[in-house]
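> sequence unknown, structure follows:
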């Protein structure tokens, strides 16, 4: 069974084309034209063992907000597409990811209910061309469109790059575990009979 989701989305602000292969090898291809953000998406692919292709062109002359948010929307919808009805998955997972002094916890429920609790504060506002406030915007767009619950908590850390990268890695690890097939699960892992 191939678990692959695709989405092409165009607005007056951005053009985004993504492919999410759940049972991949951790490969990332493409560009958002935001080097730091591309680096974070590569972490999501590598540590989640997903194959991700992301190509986005946005109005970066305004700022990066529309690009980052629209990539979150597209990836969320592609993940939902790849999961289908969610039959046979583990559904829940929690994972810590350290990066030097930074430690972040991600807790995921692939529930069909969209919710983000984001408690990952950073002091530094810019990393290259990337506004660190956009990290929360990415995760909000992603969770709302994937239909998942995600809690992200900074346990401790000081360096903004380390903190944000640990958040992406923790999310990748938790999503990998939550979306894996569990041979003990027959059908959808919900007493309601649906994750929609």
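Arrived safely. On a predicted model such as this, the values are computed, not experimentally measured, just so you know.
> Residue 56 and residue 68: what is the separation?
According to Cβ to Cβ, to the nearest Å, residue 56 stands 9 Å off from residue 68. For every residue, glycine as well, the C-beta is placed using N, CA and C.
> shared neighbours of those two, anything?
When contacts are counted by Cβ atoms under 8 Å, 6 or more residues apart in numbering, the set common to residue 56 and residue 68 consists of residue 32.
> Show the model's pLDDT score for residue 189.
Per-residue confidence (pLDDT) for residue 189: 58.
> So which residues of the protein form strands?
Under the criterion DSSP state E, the chain contains strands at 4-10, 14-21, 28-31, 51-58, 92-99, 102-109, 115-119, 126-127, 130-131, 149-156.
> Quick check, residue 14 in contact with residue 64.
No: taking Cβ atoms under 8 Å as the definition, residue 14 is not a contact partner of residue 64, at 10.4 Å.
> which neighbours do those two share?
Overlap between the contact sets of residue 14 and residue 64, as judged by Cβ under 8 Å, 6+ apart, is given by residue 58.
> got JSON lines for the strands of the chain, with mean neighbour count and distance to residue 169 too?
JSON lines is the format used below for the strands of the chain (neighbours: other Cβ atoms under 10 Å; distance: least, Cβ to Cβ, whole Å):
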{"stretch": "strand 4-10", "mean neighbour count": "15", "distance to residue 169": "21"}
{"stretch": "strand 14-21", "mean neighbour count": "22", "distance to residue 169": "17"}
{"stretch": "strand 28-31", "mean neighbour count": "16", "distance to residue 169": "13"}
{"stretch": "strand 51-58", "mean neighbour count": "20", "distance to residue 169": "14"}
{"stretch": "strand 92-99", "mean neighbour count": "18", "distance to residue 169": "4"}
{"stretch": "strand 102-109", "mean neighbour count": "22", "distance to residue 169": "8"}
{"stretch": "strand 115-119", "mean neighbour count": "14", "distance to residue 169": "16"}
{"stretch": "strand 126-127", "mean neighbour count": "15", "distance to residue 169": "16"}
{"stretch": "strand 130-131", "mean neighbour count": "20", "distance to residue 169": "17"}
{"stretch": "strand 149-156", "mean neighbour count": "18", "distance to residue 169": "11"}
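> Tell me which of the ones you listed sits nearest to residue 183.
Distances from residue 183 to each of these were compared using Cβ to Cβ; the shortest belongs to strand 92-99, at 16.4 Å.
> list the helices and strands the closest one packs on?
If you count contacts as 3 or more Cβ pairs under 8 Å, 6 or more residues apart in numbering; DSSP states H and E, strand 92-99 packs onto strand 102-109, helix 160-179.
> Just the pLDDT for residue 1.
At residue 1 the predicted local distance difference test score is 67.
> who's in contact with residue 69?
By Cβ under 8 Å, 6+ apart, the residues touching residue 69 are 134, 137, 138, 141.
> Now render the strands of the chain as CSV, adding distance to residue 196.
Shown next, in CSV, are those (distance: least, Cβ to Cβ, whole Å):
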stretch, distance to residue 196
strand 4-10, 15
strand 14-21, 19
strand 28-31, 29
strand 51-58, 24
strand 92-99, 17
strand 102-109, 14
strand 115-119, 15
strand 126-127, 37
strand 130-131, 34
strand 149-156, 14
